[in-house]
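Novice: Fold the following for me, if possible:
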Amino acid sequence: MRNKAVIGLLAAAGLATTFAALEADHAVRTAWARTWTVQAGELAAFARAATAAKNDFALVDRIAWMVKRDDVAYVLVLVPDGRAKFHGNPSEVGKTYDSEIARRALAAKETITQEVAGGSVLEVDVPLDNGVLRAGFSYGPLAPASRFLLAGAVVCWLCAAAAGLLVLKTS
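Specialist: Model (predicted):
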């Protein structure tokens, strides 16, 4: 009976460790999403100021700098008809975006977030006076941390299973 209790305790510890790893992974993604939302808001404020000062070059420079980051998939500013007025990829300037995601972004009255690209990118959409800023942030750079947390949970499970087998074998 005591051996069954030990095995049950080890299984519970494995489950608790897995749950903790998944919660930690979720907390990391949530924290990054909040950070990215703040960063998109700051870029939108910069875009408003640059547009008001008729300083397109400053905005182009800021967007070009931002898209060099590993965690930034794209940055663009759409005007109300869906055309890209500014884009981190200059060849995309003037392109019309008419997807459901773009329409939701243009219709937003306040900052919204949308999971795109199968959940690998978090898009933060911030309304501007004459359009919307769309910034896509990639979860890709977070992947090593996620793998580390999940690998730790797997190791704990394996250790619990091994300990359980040892308890059974010695009884």
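Novice: For the rest of this, base every contact and every neighbour count on C-alpha atoms.
Specialist: OK.
Novice: can you map out the strands along this protein?
Specialist: With strands called from DSSP state E, the chain shows them at 72-78, 84-87, 112-116, 121-128, 131-138.
Novice: average pLDDT across the last one?
Specialist: Along strand 131-138, the predicted confidence averages to a pLDDT of 95.
Novice: which residues of the chain score low on pLDDT?
Specialist: Counting by pLDDT under 70, the chain has low-confidence residues at 1-4, 6-7, 141-149, 167-168, 171.
Novice: Show me which helix runs longest in it.
Specialist: Among the elements of the chain assigned as helix by DSSP state H, the one spanning the most residues is helix 2-52.
Novice: quick revisit: most neighbours per residue, which of the strands of the chain?
Specialist: Mean neighbours per residue, mean count of other C-alpha atoms under 10 Å, is largest over the strands of the chain for strand 131-138, with a mean of 26.
Novice: and it, which strands flank it?
Specialist: Paired neighbours of strand 131-138 in the sheet (DSSP bridges): strand 72-78 (antiparallel), strand 121-128 (antiparallel).
Novice: Contacts for the last one next, please.
Specialist: Same thing as strand 121-128. Contacts made with strand 121-128 from outside it, assessed by C-alpha atoms under 8 Å, 6 or more residues apart in numbering, are listed as 33, 36-37, 40-41, 44, 48, 73, 105-106, 108-116, 132-139.
Novice: quick one: that strand to strand 112-116, angle?
Specialist: 150 degrees (axes from the mean of the first three to the mean of the last three C-alpha atoms, to 10 degrees).
Novice: and strand 121-128 with helix 2-52, angle?
Specialist: 30 degrees.
Novice: again, but for the shortest one
Specialist: Between the axis of strand 72-78 and that of helix 2-52 there is an angle of 40 degrees, by the same axes, to 10 degrees.
Novice: Now do strand 72-78: distance to the chain's middle.
Specialist: In terms of C-alpha atoms, centre = their mean, to the nearest Å, the gap separating the centre of strand 72-78 from the centre of its chain is 14 Å.
Novice: what does that strand contact?
Specialist: Outside strand 72-78, the residues touching it (C-alpha under 8 Å, 6+ apart) are 63, 66-67, 84-89, 106, 121, 131-138.
Novice: hang on, V67 packs against P90?
Specialist: No: taking C-alpha atoms under 8 Å as the contact criterion, V67 and P90 are not neighbours in contact, 11.4 Å apart.
Novice: out of those two, which sits in the more crowded spot?
Specialist: In this comparison of V67 against P90, neighbours counted by other C-alpha atoms under 10 Å, the higher total goes to V67 at 20 against 13.
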